[in-house]
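*Asks:* Compute the structure for the input listed below.
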Amino acid sequence: MPIKKLLKKSLGSKLPRVVRDISDVDDLSENHVALFYGKAGRGKTKTAASYPKPLLLLDINNERGTKTVKTVKGLRIARITTWDDFIDLYWWLREGQDYKSVVLDQITGLQDLGMTMIRDKHGKSDDDLFTQKNWGELSGELKTWLQNYRELSDLYNIVFLAHERIFDEDQDAEASDLSPSVGARVMPSVGSFIDGACDIIGQSFVHMRKIKEGGKTVHNPQYCMRIGPHPSYITKIRRPPEAGPLPQYIVNPSYQKLVAIENGTEGSQPSKLKRRK
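*Replies:* Sure thing, here's the model as predicted:
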């Protein structure tokens, strides 16, 4: 006998919510959660702006990375200057608004707002030591609210942006071989959490391609994103195993290209980057 009939027999007509919400996998939301990180000027915000519109971009802590997307139609900006702004906007979005995508630019700046909130809460000045207990409290707050925003993916595509963090280059060789050395510039505990919470993680970079123009060699910048497995950079795309190996990187990354790769419907894989001499 099917489980729902068995439960009806034992519980009457009232089924637990968890049973009522059982659905076919095809009925699940097609939205995804992404993290794009990299150095300034590498195209993170531009890639995020390619997501479905209407799109709401959270300019966190005056990141001001919006100049590159001023001409994008269907994009609106919310200025997040305090921790309370960030929480208030979440509850508003949770009610369901007329947006298809929400971009947090950037979670690196969000960590700074969180530090200010913790200092104000405990009456600390900017010169006071941030104790281990304070760091623990900050980690908990960041993970809680980033998870809350992540769960908005039942309503919108969610994109987290972050600056790039390079792990300590002086760590011993064995340690660097065991863990990636480049990821989002946030607390390690928060970085590990956000890495696990995302369907897509890409590292933005610029490749200077040499081309011939009028008999001269010129350098043409290509905006790229690493998405395939890499020994140093944290990258991933969750997709069906039958789709095969991921491309090492994509040129001019966009929502459309990422979704095609996520679904295993992308075209031929790009060639590997040539080493610069």
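*Asks:* how deep is residue 155 tucked in, by neighbour count?
*Replies:* Burial measure for residue 155: 17 neighbouring residues, criterion other CB atoms under 10 Å. Every residue, glycine included, has its C-beta placed from N, CA and C.
*Asks:* How about it, nearest residue that isn't a chain neighbour?
*Replies:* Leaving aside its sequence neighbours, residue 155 sits nearest to residue 96 (CB to CB, 6 or more residues apart in numbering; 5.8 Å).
*Asks:* so how far is residue 55 from that neighbour?
*Replies:* Counting by CB to CB, to the nearest Å, the separation of residue 96 from residue 55 is 16 Å.
*Asks:* Compare neighbour counts for the two and give me the winner.
*Replies:* Shown here are residue 96 and residue 55; by other CB under 10 Å, residue 55 has more neighbours (25 against 11).
*Asks:* Go ahead and list the helix or strand containing residue 163.
*Replies:* When elements are assigned from DSSP states H and E, residue 163 belongs to strand 157-166.
*Asks:* Not counting its own residues, what contacts that strand?
*Replies:* 31-40, 44-45, 48, 51-52, 65, 100-108, 146, 149-150, 152, 181-186, 191, 194, 198, 203, 255 (CB atoms under 8 Å, 6 or more residues apart in numbering).
*Asks:* Note down every partner strand of it and its orientation.
*Replies:* Paired with strand 157-166 in the same sheet, following DSSP bridges, are strand 33-38 (parallel), strand 101-105 (parallel), strand 182-184 (antiparallel).
*Asks:* Reformat these as TSV; add distance to residue 84, mean pLDDT and mean neighbour count.
*Replies:* Formatted as TSV, these follow (distance: least, CB to CB, whole Å; pLDDT from 0 to 100; neighbours: other CB atoms under 10 Å):
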stretch	distance to residue 84	mean pLDDT	mean neighbour count
strand 33-38	24	97	26
strand 101-105	16	97	26
strand 182-184	24	92	23
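*Asks:* Make JSON lines out of the ones you listed and add distance to residue 14.
*Replies:* Compiled in JSON lines, those are given as follows (distance: least, CB to CB, whole Å):
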{"stretch": "strand 33-38", "distance to residue 14": "33"}
{"stretch": "strand 101-105", "distance to residue 14": "35"}
{"stretch": "strand 182-184", "distance to residue 14": "44"}
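*Asks:* Those: which one's closest to residue 69?
*Replies:* Within those, the stretch nearest residue 69 is strand 101-105; the backing value is 9.6 Å (CB to CB).
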